[in-house]
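**Student:** what follows is a predicted structure for the sequence shown.
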Amino acid sequence: MTEIRHEPVAPTRTQWLAPGSDIDAHRHDDHQIVYAARGVLAVTTGAGTWIAPANRAIWVPAGTVHAHRAHGALQLHLVGLDVTENPLGLDAPAVLTVEPLLRELILAHTGAPGHDDSPERRRLRAVLLDRLAASPQQPVQLPSPSDPRLRHICDTLYADPADRRTLAALSREAGASERTLSRLFTAELGMTFPQWRTQLRLYQALVLLAEDTPVTTVAHRCGWASASAFIDVFRRAYGHTPGRHLPRGR
């Protein structure tokens, strides 16, 4: 069994990760905010994967075993918070909206020397915590199934997000009825089959966009009937068009 690294103090710093690189599974005794100012970040725990483009951050509670993966060149900003500092009152990972002021606060805080305990830095941190408390949560998560029949369906779609078969058609391969699988999606993953598939496609779309894949190609590979349909769903999920995520501004 792989040993989980234990780093008692969650660091506050800025670092770059190359495309496709990972930070292996570990845990902190502190809470942590993880924000990618560039690229797309995926944080995986035992409960699933949380995805954060550049207008989202991920809240990782103290004690949570988690791993990071970079999609595209990742400019990573880490904010460690003492276990007593929980402005959102959350005990599970969550994706948070990063509005412009919060973004600048995170960049300024992680860019300052970690040992600096000046009055200016304390004031900056206090405002950052205030803005975090007001940050809405976003449903940008791919939960992990435990039932083997459900896992078969999810793995099939992971391999090919453009697979357009219905749950009834996929259920014949999984050895369970459509009704059983539909119930499992709701019970285990907290969402319906169409909702989970849309989340998967959006996740894969973010990964492809971070790799500088054209929008039309992303729409096709992820199963949308047209680029316009993809853009509409993407805009409703993230508040802007997918072209904003192309590294070279295609």
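**Tutor:** Good, I have the coordinates.
**Student:** pretty sure residue 44 is in a strand, no?
**Tutor:** Yes. Counting by DSSP: H, G, I helix; E, B strand; the rest coil, residue 44 falls inside a strand.
**Student:** now do the SS call for residue 15.
**Tutor:** With three-state DSSP as the basis, residue 15 sits in strand.
**Student:** scan the protein for its longest helix.
**Tutor:** The longest helix of the chain (DSSP state H) is helix 193-210.
**Student:** buried residues in that helix?
**Tutor:** By 16 or more other Cβ atoms under 10 Å, the buried positions in helix 193-210 come out as 193, 196-210. Just so you know, the C-beta spots here come from the backbone N, C-alpha and C atoms, and that holds for glycine as well.
**Student:** need the max-distance pair from those residues.
**Tutor:** Spatial extent of the buried residues of helix 193-210 (Cβ to Cβ) is set by the pair 193 and 210 at 26.3 Å.
**Student:** quick one: low-confidence parts of this structure?
**Tutor:** Scanning the chain for pLDDT under 70 picks out the ranges 1-2, 113-116, 138-140, 244-250.
**Student:** can you map out the helices along it?
**Tutor:** Counting by DSSP H, the chain has these helices, from start to end: 100-111, 119-133, 148-159, 167-174, 178-189, 193-210, 215-221, 227-238.
**Student:** just give me the neighbour total for residue 243.
**Tutor:** For residue 243, the neighbour count with other Cβ atoms under 10 Å is 13.
**Student:** and it, how far from residue 51?
**Tutor:** From residue 243 over to residue 51 the distance is 18 Å, taken as Cβ to Cβ, to the nearest Å.
**Student:** domain assignment for the protein?
**Tutor:** Using automatic domain parsing, the domains assigned to the chain come out as 5-138, 145-245.
**Student:** distance of residue 189 from residue 153?
**Tutor:** 11 Å.
**Student:** same check, this time on residue 105
**Tutor:** Distance, residue 105 to residue 153, using Cβ to Cβ: 41 Å.
**Student:** between those two, who's got more neighbours?
**Tutor:** Of the pair residue 105 and residue 153, residue 153 is the one with more neighbours under other Cβ under 10 Å, namely 24 against 20.
**Student:** shouldn't that one be in contact with residue 178?
**Tutor:** No. Using Cβ atoms under 8 Å, residue 153 is not in contact with residue 178, being 10.7 Å away.
**Student:** neighbours of the closest residue to residue 69 other than its chain neighbours, how many?
**Tutor:** Closest residue to residue 69 apart from its sequence neighbours, by Cβ to Cβ, 6 or more residues apart in numbering: residue 42 at 4.5 Å. Using other Cβ under 10 Å, residue 42 has 21 other residues around it.
**Student:** partners of residue 42 in the sheet?
**Tutor:** Residue 42 has these beta-bridge partners by DSSP bridges: residue 51, residue 69.
**Student:** tell me who's in contact with the residue nearest the centre of the chain.
**Tutor:** Centroid-nearest residue in the chain: residue 51, 1.4 Å away (criterion: Cα atoms, centre = their mean). Shown in contact with residue 51 (Cβ atoms under 8 Å, 6 or more residues apart in numbering): 40, 41, 42, 95, 140, 141, 142, 202, 203, 206.
**Student:** kindly report the same for residue 38.
**Tutor:** 54, 72, 73, 74, 75, 247.
**Student:** kindly report the same for residue 90.
**Tutor:** By Cβ under 8 Å, 6+ apart, residue 90 lies in contact with 59, 61.
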